[in-house]
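**Q** build the 3D model from these lines:
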Amino acid sequence: MRQLLQNLISKAIKFKKKEKAPKVELAAKQCENGFWNIFVKDNGIGFDSQHGDSIFQPYFRLNG
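**A** Numbering: from 1, shown residues only. Alright, predicted model coming up:
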């Protein structure tokens, strides 16, 4: 979990918009079943929604 959050935060900072300071929001909410939902939101450049299924595949890169 630590590695996941580190990667998400570092990517949010790396792929920020040039004209804006990076902003990363983290939130967590406990579910009724005892599990937790963790939310990460940033104001970075984002990605085209056509790549939504691909970005979680190992070794997939949008940029060179």
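**Q** strands of this protein, start to end?
**A** Ranges of strands in the chain, per DSSP state E, are 24-30, 36-42.
**Q** what's the first one in contact with?
**A** The set of residues that contact strand 24-30 without belonging to it, under CB atoms under 8 Å, 6 or more residues apart in numbering, is Leu5, Leu8, Ile9, Ala12, Ile13, Trp36, Asn37, Ile38, Phe39, Val40, Lys41, Asp42. All C-beta spots, glycine's among them, are computed from the backbone N, C-alpha and C.
**Q** and it, which strands flank it?
**A** As defined by DSSP bridges, the strand partners of strand 24-30 come to strand 36-42 (antiparallel).
**Q** which residues sit against the strand it pairs with?
**A** Here strand 36-42 makes contact (CB under 8 Å, 6+ apart) with 5, 8-9, 12, 16, 22-31.
**Q** are any of the residues you listed buried, and which?
**A** By neighbour count, with 16 or more other CB atoms under 10 Å, the contacts of strand 36-42 hold Leu8, Ala12, Lys16, Val24 as buried.
**Q** widest-spaced pair of the residues you listed?
**A** The largest separation in the buried ones among the contacts of strand 36-42, counting by CB to CB, is between Leu8 and Lys16 at 13.3 Å.
**Q** quick one on the thing from earlier: mind putting the buried ones among the contacts of strand 36-42 into TSV with pLDDT and distance to Tyr59?
**A** Supplementary listing: the buried ones among the contacts of strand 36-42 in TSV, determined by pLDDT from 0 to 100; distance: CB to CB, whole Å:
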residue	pLDDT	distance to Tyr59
Leu8	87	18
Ala12	89	20
Lys16	91	24
Val24	94	24
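**Q** okay, buried residues for stretch 34-47 please.
**A** Here stretch 34-47 shows Asp42, Gly44 as buried, counting by 16+ other CB under 10 Å.
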